[in-house]
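**Q** Show me the folded form of this:
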Amino acid sequence: MIWLYGLLALLAIVVVYDLVQTRHAILRNFPVIGHFRYMLEAIGPELRQYIVTSNNEELPFSRDQRGWVYASAKKQNNYAGFGTDNDLEHSSNYLIIKHDALGRSDEAAHDERYPLPCAKTLGGHRRRRHAFRPDSLVYVSGMSFGSLSSAAVEALNRGCAIAGCLHNTGEGGISPHHQHGGDLIWQLGTGYFGARATDGSFDREACLRKVEENPVRAIEIKLSQGAKPGLGGVLPGEKVTAEISAIRGVPIGETVVSPSGHRAFSNVDELLDFVEDLADATGVPVGIKSAIGLMGFWKELADRMASEARGVDFIQVDGGEGGTGAAPFAFSDHVALPFKIGFSRVYTIFAERDVHQKVVWVGSGKLGFPETALMSFCLGADMIAVGREAMMAIGCIQAQRCHTGHCPTGVATQNRWLVRGLDPTDKATRLANYVITLRKELTRLSLACGCPHPGLLTANHMEILDSGFGSRSLRDVFGYREGWELPADSDAKAVLEAMDVGQHTAPAARA
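**A** Below is the predicted model of the structure:
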């Protein structure tokens, strides 16, 4: 019987350790049995080699992609050995980065003491009172408190403060969990949470108070989202706690479905009036976020911005491959264009009218990896917003339980026991490490192409392979004209000056 008592004592010690430690949410939430997940993960390469899938087959994110995020967030070895395991000769739509044989050496650009600034000034063209140049061209995309847990939102905000990047609130409003040092982009969706009148309409005075009382650097008007375009947001009733009810102004425990359209405006003319009114009243830049479908809206918006003084300060194009906590299958799978197609079409419309440089362009939709992020800059993006990649950095394991309220890592749930497993301080460091690593990789790739900054890359710096041993540059594939994707000379000069290490003091995250 001694061995049995010894085994029970050992299990008790493991349980206590698992409950007390803060590095692994899975172990805190599922003592003892959580270790089996890490054991299976450790022998994953061997299992997949013989009986399961390859490193590149899983979706939405492959094991290679998830592994790179996890390793980067933990400051572990994120390199690969023995060469690529991708089939380059038989792959369709495969991205190839075209390096400069002589390269470019700039050791200061590898210094982690400063962020990588945006090539344009947000709100600068229209001289908004609080226009600014974002210190980081990578930031955290809109994910609401409600969809995410309080601990997850706090971790993201703390991590953004460490990394010196912006944090988009998502359409759920500004919560106390957004108040940990990170500057905010406040997203206003069709539900106007945080600036919502009792009848569900937009409350302008409440909006102005929120901007005044919180570290809001910009306002983003959400028109639609890549994973659920044409629909409003969906927050399952299991996630609507008393706290979320108070913040959003909705009933406790009831599923919240935002309207599919805005009540504050119904056409481009009214949208521009709404944007200019908010920008004048608050002084902050105001932009829009949208997935891409029919082109009529974008043509009218570009035409008006070409002929009038009114306009948006930034446009975030969200690809149809973007994520969400809950959406109908048909909308997730078949509505809205993928990022590359949608972004290039809208950018072309604005470039043909010579107003593309009046806007800061933001890309989102599985762009949180070096090669896809670089592709977005080659197409004309000035910044990228990362969502699910940021979730993985703070512990998400792609369990795909977001819509049930039972996320095992405490990231996308309001279950108190599961949320308890996620330590915001530890995970904040991991988010910061991931953002810093992504910026560093973007810098290294840009230098390999002979450019000191990703914003100076062109559509000629990347090619797309087909399965018939052919390839074409991004410029040829998407019909760009020479120089479209480059910032104005004044912006290019300013951003290179801003990259002086001495001008920045944001610390690198600790190991």
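
**Q** Nearest residue to the spatially most central residue of the chain in space, please, no chain neighbours.
**A** Centroid-nearest residue in the chain: Val386, 1.7 Å away (criterion: Cα atoms, centre = their mean). Excluding the flanking residues, the one nearest Val386 by Cβ to Cβ, 6 or more residues apart in numbering is Gly368, at 3.7 Å. Where you see a C-beta, it was placed from the backbone N, CA and C, and this is true even at glycine.

**Q** A strand includes the one you found, no?
**A** No. Secondary structure of Gly368 (DSSP: H, G, I helix; E, B strand; the rest coil): coil, not part of a strand.

**Q** Please list all residues in contact with it.
**A** Val69, Val138, Ile384, Val386, Gly387, Arg388, Glu389, Ala390, Leu438 (Cβ atoms under 8 Å, 6 or more residues apart in numbering).

**Q** Going through those, which ones are buried?
**A** Val69, Val138, Ile384, Val386, Gly387, Arg388, Glu389, Ala390, Leu438 (16 or more other Cβ atoms under 10 Å).

**Q** Using JSON lines, lay out the contacts of Gly368 together with pLDDT, secondary structure and distance to Gly470.
**A** Output for the contacts of Gly368, formatted as JSON lines (pLDDT from 0 to 100; DSSP: H, G, I helix; E, B strand; the rest coil; distance: Cβ to Cβ, whole Å):
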{"residue": "Val69", "pLDDT": "95", "secondary structure": "helix", "distance to Gly470": "32"}
{"residue": "Val138", "pLDDT": "98", "secondary structure": "strand", "distance to Gly470": "32"}
{"residue": "Ile384", "pLDDT": "98", "secondary structure": "strand", "distance to Gly470": "28"}
{"residue": "Val386", "pLDDT": "97", "secondary structure": "strand", "distance to Gly470": "32"}
{"residue": "Gly387", "pLDDT": "94", "secondary structure": "coil", "distance to Gly470": "33"}
{"residue": "Arg388", "pLDDT": "94", "secondary structure": "helix", "distance to Gly470": "32"}
{"residue": "Glu389", "pLDDT": "95", "secondary structure": "helix", "distance to Gly470": "31"}
{"residue": "Ala390", "pLDDT": "96", "secondary structure": "helix", "distance to Gly470": "36"}
{"residue": "Leu438", "pLDDT": "97", "secondary structure": "helix", "distance to Gly470": "31"}
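
**Q** and stretch 465-479, average pLDDT?
**A** On average, the pLDDT along stretch 465-479 is 91.

**Q** hang on, the earlier thing: in JSON lines: the buried ones among the contacts of Gly368, plus distance to Leu27.
**A** As requested, these are exported to JSON lines (distance: Cβ to Cβ, whole Å):
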{"residue": "Val69", "distance to Leu27": "19"}
{"residue": "Val138", "distance to Leu27": "30"}
{"residue": "Ile384", "distance to Leu27": "32"}
{"residue": "Val386", "distance to Leu27": "26"}
{"residue": "Gly387", "distance to Leu27": "25"}
{"residue": "Arg388", "distance to Leu27": "22"}
{"residue": "Glu389", "distance to Leu27": "23"}
{"residue": "Ala390", "distance to Leu27": "22"}
{"residue": "Leu438", "distance to Leu27": "27"}
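
**Q** Let me know the closest of the residues you listed to Leu223.
**A** Gly387 (16.8 Å; Cβ to Cβ).

**Q** Which residue lies closest in space to the closest one, excluding its sequence neighbours?
**A** Ser141 (3.9 Å).

**Q** Kindly list the main-chain dihedrals of the one you found?
**A** phi -70, psi 170 (degrees, to the nearest 10).

**Q** do Ser147 as well
**A** phi -70, psi -50.

**Q** how about it, what does it touch?
**A** When contacts are counted by Cβ under 8 Å, 6+ apart, Ser147 touches Gly170, Gly172, Gly233, Leu235, Lys239, Thr324, Gly325, Cys402, Ala412.
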